[in-house]
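Student: model this:
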Amino acid sequence: MRETVMRDIPNPGATPATGTIASTRSGNSAARWRFPVLLALVLSLLLALYEPKFAGDVVEYTAVTVALADHGSPDVRLEDIDRVRALLPGMFVEPFAMLERGMRAGEQQLYAAFVRGRGGDVYAVHFFGYSLMAALPFKLFEAIGVPPFKAFQVVNLAAVFVLGLALRRFFGSERAAWIGLALFMLCGGMLYLNWTSPECVSAAALLAALLLYCSRAPLAACLLAGLACQQNPTIVFFFAFAPLMRLLLEWQVGAGIVANLRRQIDGKTVLAVAAGLGMVALPPLFNIYQFGTPNIIAKLFSDPALIGPVRLMSFYFDLNQGMIVGVPALIIGLLLWLPRSDNRVRGALLLAMLLTLALALPALAIHNWNSGARGVMRYAFWAAMPLLFVFLLLLRRSPRPPRLLLGAVLLFQMLAMSHASSYSYVSFSPAVELLLKVAPQLYHPEPEIFVERMGHNDDYLWPNQIYTYRVDGATVKTVVNHANARIDALLCGGGATVDPGMPVTESTRGWYYLDGPLRCISGRFIQHSFQIADFRANETLRLESGWHTPEANGPNWDGVWSIGAKSRLLVRINGAAPETLLLVGNYLEPNRRTRVKVNGVDLGWHELDREGPMALPPPARGNELSIELEHEAPRQPGGSDPRELAFFLREASLRQPTLEQP
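Tutor: Numbering: from 1, shown residues only. A predicted model of the protein is given here:
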């Protein structure tokens with residue numbers, strides 16, 4: 001029976017799957033209209049009952065929507081800013097003020113979400129596709145006296161409506177389509193349904209595209225995927241994985257590879273993929289024309305070095321905003337149901353997991369990857385849709401769906417949504433708060449998530465700061481960076497060091513966790529730290545060659561830039577020879593590392609912005625240290641600055657043992 005059901009996929013509307021979940025049939029024209037009409041009424045009711053949630057990239061999308069509605073172009077003008085302010089009185093005052101000041105002053109670098117195009121016009125960094133869809137309902141609502149920014153809700157709800165139609169086609173059943181919509185809403189849809197950002201559209205369009213492609217409606221599928229790609233470009237991986245998914249599900253044993261491929265690669269499908277990729281190409285083409293790069297966000301606000309196992313684990317399993325927050329019961333349901341399935345479904349799940357990984361990895365490179373979430377982070381919400389697709393596939397293929405399992409998934413996903421809705425994205429979730437009370441040693445997320453939620457703010461992490469989390473006044477976790485030259489002094493006071501026996505969990509970019517109450521040991525070392533005042537004095541520490549004039553630009557930018565390919569400095573101290581050297585600073589991209597030589601001894605290449613102290617071997621030690629830095633890729637910073645810069649030295653630190661160790 002299961003094999004027969006899958007052969008019916010090319011026309012599921014005509015031959016729906018068998019079993020209790022597909023028991024509702026559309027036998028006549030009136031019945032066929034019943035589902036879309038009822039769905040439209042339900043979504044209209046939601047539109048009337050709920051107000052838009054101004055969150056996410058709201059400053060961009062509101063300004064661009066007004067621009068498109070008023071003058072038909074996506075460039076943001078001063079009058080557009082005034083219009084948004086009038087429609088959103090008292091909201092987002094500072095971002096719009098910063099944008100306006102920069103525009104009036106003719107500055108090239110504007111408020112972070114906006115850039116100047118080739119003619120000097122101002123554009124949002126996100127493509128304007130989502131705002132373009134909202135522009136028409138915006139004008140309509142404004143004309144009839146409805147709050148015009150409810151237009152974003154209309155666009156989101158329209159995406160859910162299309163998803164409903166895709167579910168109805170996939171199952172051939174109204175009842176199953178309603179269950180599918182409920183699962184979508186309970187897997188994050190309800191969290192982002194009213195947001196003035198495209199997360200709901202991306203998720204609904206991606207899921208609908210998978211359903212339609214595997215229902216032999218490739219044109220609609222590819223156009224939806226192309227639409228989703230315009231705001232979240234990594235969804236382009238749909239065009240690689242969806243054909244593989246359908247090939248697997250429709251594979252005819254004994255027909256041979258060539259015959260199976262021919263069934264998949266027909267003219268209709270080729271044209272559909274071409275049309276979808278054409279939509280995908282619009283944002284890169286616009287970016288190339290206006291900004292000279294295929295993706296201005298990737299150029300300005302991403303760093304591939306941020307991609308790593310710590311962020312990846314947090315993306316999926318962080319209890320504050322990882323994917324596990326949004327779809328815990330769905331994942332458990334898949335694992336419990338999988339043993340009853342066949343090899344095709346298991347293969348589909350493997351492909352879905354790989355697609356989810358492909359969607360996640362590029363998102364990890366974004367600087368503010370975890371900003372503006374509602375429970376589960378925005379990227380993880382729509383990246384979970386391939387997993388939901390496989391669950392829906394299991395429902396479709398099963399002659400007797402396990403009602404108890406399905407009910408449990410729906411119930412516990414409802415509880416997950418209640419949990420995700422109960423806290424701000426700059427606060428710890430109730431689950432994390434409980435874990436930090438009973439077993440804090442088990443929780444080590446990406447430091448950015450931990451520190452921002454601990455401090456109730458969305459800000460940068462500074463390596464020269466210490467972040468301490470306390471429960472009932474007792475320190476349970478401390479977050480520090482190896483590049484902080486004053487860790488021991490800040491945590492233990494002068495003359496003492498952190499007990500090396502403390503539990504340490506290494507994280508990413510030089511950050512690590514100290515678990516439990518702080519323990520310090522006294523009298524082992526003397527710390528010598530040199531900063532901008534010492535650079536200027538040029539006495540104990542001398543800037544020999546390859547340095548510019550020291551400059552003071554704030555607490556994290558007080559120091560001195562390297563000039564050219566090599567820089568040299570000299571340090572003289574009394575007493576025992578120092579055992580470690582720490583150089584702290586910032587790099588000018590694309591520089592990421594520096595080759596360090598001390599007294600002629602090559603210590604190798606080091607990432608000085610995130611590494612801890614370098615041990616000095618005996619041949620490199622002495623009361624006088626000649627330190628030579630070889631820079632990876634010095635370059636001019638741009639504009640009228642002719643200097644060849646690489647590394648900005650903020651601090652140099654030496655650890656000297658006391659003459660009498662305790």
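
Student: where does the stretch 501-650 of the chain dip in pLDDT?
Tutor: Counting by pLDDT under 70, the stretch 501-650 of the chain has low-confidence residues at 523, 639.

Student: and Ala577, how many neighbours?
Tutor: Residues near Ala577, counting by other C-beta atoms under 10 Å, number 16. Heads up, the C-betas are built off the backbone N, CA and C, glycines and all.

Student: for it, what are its contacts?
Tutor: Ala577 makes contact with Leu616, Arg621, Gly622, Asn623, Gln656 under the criterion C-beta atoms under 8 Å, 6 or more residues apart in numbering.

Student: Backbone dihedrals for the fourth one, both of them.
Tutor: Torsion angles at Asn623 (phi, psi; degrees, to the nearest 10) stand at phi -70, psi -10.

Student: pretty sure it contacts Asn574?
Tutor: Yes: look at Asn623 against Asn574 with C-beta atoms under 8 Å: they come within range, at 6.6 Å.

Student: With neighbour numbers in mind, choose between these two.
Tutor: Shown here are Asn623 and Asn574; by other C-beta under 10 Å, Asn623 has more neighbours (13 against 7).

Student: can you tell me how far the more buried one sits from Ala416?
Tutor: Distance of Asn623 to Ala416, computed by C-beta to C-beta, to the nearest Å: 62 Å.

Student: Do a quick rundown of the strands in the stretch 51-200 of the chain.
Tutor: For the stretch 51-200 of the chain, the strands defined by DSSP state E, counting those that start in this stretch occupy 114-116, 122-124.

Student: Return the list of strands paired to the first one, each annotated with direction.
Tutor: Looking at strand 114-116 with DSSP bridges, its paired strands and their directions are strand 122-124 (antiparallel).

Student: who wins for most neighbours among the contacts of Ala577?
Tutor: Using other C-beta under 10 Å as the neighbour test, the contacts of Ala577 are led by Leu616, with 21 neighbours.

Student: That one against Val596, yeah?
Tutor: No: counting by C-beta under 8 Å, Leu616 stays clear of Val596, with 10.3 Å between them.

Student: where along the stretch 501-650 of the chain do the helices fall?
Tutor: Taking DSSP state H, counting those that start in this stretch, the helices of the stretch 501-650 of the chain run over residues 532-537.

Student: Would you map the strands across it?
Tutor: Taking DSSP E, counting those that start in this stretch to define them, one finds strands in the stretch 501-650 of the chain at 504-506, 511-515, 520-522, 525-530, 541-545, 551-552, 558-561, 566-572, 580-587, 594-598, 601-606, 614-615, 624-631, 647-657.

Student: Worst mean pLDDT across the helices and strands of the chain, which element?
Tutor: In the chain, the helix or strand scored least confidently by mean pLDDT, DSSP states H and E is helix 2-7, which has a mean of 34.

Student: Which SSE is immediately downstream of that one?
Tutor: The element immediately downstream of helix 2-7 (helix or strand, assigned by DSSP states H and E) is helix 29-49.

Student: so what secondary structure elements neighbour that next one?
Tutor: Under the contact criterion of 3 or more C-beta pairs under 8 Å, 6 or more residues apart in numbering; DSSP states H and E, helix 29-49 touches helix 151-171, helix 174-184.

Student: Determine which stretch of those helices is the most buried.
Tutor: Among those, helix 151-171 has the highest mean neighbour count (mean count of other C-beta atoms under 10 Å), at a mean of 24.

Student: ok and that helix relative to helix 29-49, angle-wise?
Tutor: 150 degrees (axes from the mean of the first three to the mean of the last three C-alpha atoms, to 10 degrees).

Student: Who are the packing partners of helix 151-171?
Tutor: Counting contacts by 3+ C-beta pairs under 8 Å, 6+ apart, helix 151-171 packs against helix 29-49, helix 58-71, helix 129-144, helix 174-184, helix 199-213, helix 385-397.

Student: most packed of those helices?
Tutor: Between those, helix 199-213 has the highest mean count of neighbours, a mean of 29, where neighbours are mean count of other C-beta under 10 Å.

Student: which helices and strands does that helix pack with?
Tutor: By 3+ C-beta pairs under 8 Å, 6+ apart, helix 199-213 packs against helix 151-171, helix 174-184, helix 190-192, helix 218-229, helix 238-249, helix 378-383, helix 385-397.

Student: a markdown table for those, including mean pLDDT and distance to His482?
Tutor: Formatted as a markdown table, these follow (pLDDT from 0 to 100; distance: least, C-beta to C-beta, whole Å):
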| stretch | mean pLDDT | distance to His482 |
| --- | --- | --- |
| helix 151-171 | 97 | 44 |
| helix 174-184 | 96 | 44 |
| helix 190-192 | 96 | 37 |
| helix 218-229 | 96 | 39 |
| helix 238-249 | 95 | 39 |
| helix 378-383 | 96 | 28 |
| helix 385-397 | 95 | 37 |
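
Student: Same list, those, but as TSV with distance to Ser302 please.
Tutor: As requested, these are arranged in TSV below (distance: least, C-beta to C-beta, whole Å):
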stretch	distance to Ser302
helix 151-171	25
helix 174-184	29
helix 190-192	22
helix 218-229	17
helix 238-249	21
helix 378-383	13
helix 385-397	23
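
Student: Which one of those helices lies nearest to Asp459?
Tutor: helix 378-383 (18.5 Å; C-beta to C-beta).

Student: Return the distance of the closest one from the chain's centre.
Tutor: Computed by C-alpha atoms, centre = their mean, to the nearest Å, the chain-centroid distance of helix 378-383 equals 8 Å.

Student: Repeat that for stretch 146-160.
Tutor: With C-alpha atoms, centre = their mean, you get 24 Å for stretch 146-160.

Student: Name the surrounding residues that touch that stretch.
Tutor: 43, 46-47, 50-52, 54, 61-62, 65, 87-88, 130, 133-142, 181, 184, 189, 192-198, 200-201, 204-205, 208.

Student: With adjacent residues omitted, what lies nearest to the residue positioned nearest the centre of the chain?
Tutor: Computing the C-alpha centroid of the chain and ranking residues by C-alpha atoms, centre = their mean puts Trp369 first, at 2.9 Å. Nearest residue to Trp369, sequence neighbours excluded (C-beta to C-beta, 6 or more residues apart in numbering): Ala363, at 5.8 Å.

Student: From Asp57, how far off is that neighbour?
Tutor: In this view, Ala363 and Asp57 are 14 Å apart by C-beta to C-beta.

Student: Repeat that for Pro137.
Tutor: Here Pro137 is placed at a distance of 19 Å from Asp57 (C-beta to C-beta).

Student: The helices and strands packed on helix 199-213: which one's closest to Leu354?
Tutor: Nearest to Leu354 among the helices and strands packed on helix 199-213 is helix 238-249; the distance by C-beta to C-beta comes to 7.1 Å.

Student: Pull out the buried positions in the helix or strand just after the closest one.
Tutor: Downstream of helix 238-249, the next assigned helix or strand under DSSP H and E is helix 257-264. For helix 257-264, the neighbour count (16 or more other C-beta atoms under 10 Å) marks Asn260, Arg263 as buried.
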